[in-house]
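>>> Build the 3D model from these lines:
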Amino acid sequence: MKPTKLSTLITAAISVGILAYGVCVLLVRLGAQMPVSATTLIGTLIVIPIVLLILALPIFRYRAAIKAALAQADEAKKQPVKRVDPFYALRVALLSKAVSLSGSIFGGWHVGVLIAVLSSPQISSASVWRTALALVASVAMVVCGLVVERACKVPPDANVSSDTEASPA
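A predicted model of the protein is given here:
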C-alpha cells in the first residue's frame, strides 16, 4: 500500500471546495437556505480522529518499544518486543487512509461553504462558527489520519528479537 500523497488530499479539498461554493451560490439564488453543518456532524467529525488515535495506541506502543530496544547498547539485555497483529495494523492503516481522505473532502466542503457564507450580504454568526468548527475538525481528521498512517509503516529491521521468530525454511 502506497502512502497517501499530500497532493491527492489538496486536490480533493480544492475540487470539493469549488463545488461547495457553487452549490451554495446556486441554492441561495434559487431561494433556499445556505447549507450549514449540523451539530451532530460536527460532533462526529470531532469523534472520528479520537477513535482513530485510540485504535492506533497498540501500534504507537509497539513503535516505542522497538525504539527503546534499538537504543539498548547491551545485546544480552535486549528484551523481546511483542509484535502487533499485522492484520490489525493493516486495518488501522486503511482506516487512517480513509479518514485522511474523507477529512480532506469534508474540509474542502467547509472551506467552500465558509467562503460563501462570508461573501453573502447577511452573515449569521452561528453559521460562521459552525462551519469554522467543522473545518477545524476536518483538518484534525486529516492530520490524525496521516500521523496514524505513517505510524503503521513497517519499522526498520534491526537485530531486535521478538517473541514470534520466523522459522528458517
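>>> so how many other residues sit close to residue 110?
By other Cβ atoms under 10 Å, 30 other residues sit near residue 110. Yep, even glycine has a C-beta here, placed from its N, CA and C like the rest.
>>> Renumber starting at 23 from here on
Okay, residue one is now 23; in that scheme the one you just asked about reads as residue 132.
>>> Go ahead and confirm it touches residue 153.
Yes. Between residue 132 and residue 153 there is a contact under Cβ atoms under 8 Å: 5.4 Å.
>>> anything in contact with each of those two?
Common neighbours of residue 132 and residue 153, counting by Cβ atoms under 8 Å, 6 or more residues apart in numbering, are residue 59.
>>> May I see the buried residues of the lowest-mean-pLDDT helix or strand in the chain?
One helix or strand of the chain scores below all others by mean pLDDT, DSSP states H and E: helix 79-93, with a mean of 87. Using 16 or more other Cβ atoms under 10 Å as the burial criterion, the residues of helix 79-93 that qualify are 81, 84, 85, 87, 88, 91.
>>> Likewise for stretch 30-43?
Here stretch 30-43 shows 31, 34, 35, 38, 39, 42, 43 as buried, counting by 16+ other Cβ under 10 Å.
>>> In terms of helices and strands, where is the fourth one?
Taking DSSP states H and E as the criterion, the element that holds residue 38 is helix 28-51.
>>> Counting by contacts, list what whichever helix or strand comes after that helix packs against.
Once the chain leaves helix 28-51, the next helix or strand it forms, by DSSP H and E, is helix 61-77. On a contact count with 3 or more Cβ pairs under 8 Å, 6 or more residues apart in numbering; DSSP states H and E, helix 61-77 meets helix 108-141, helix 147-173.
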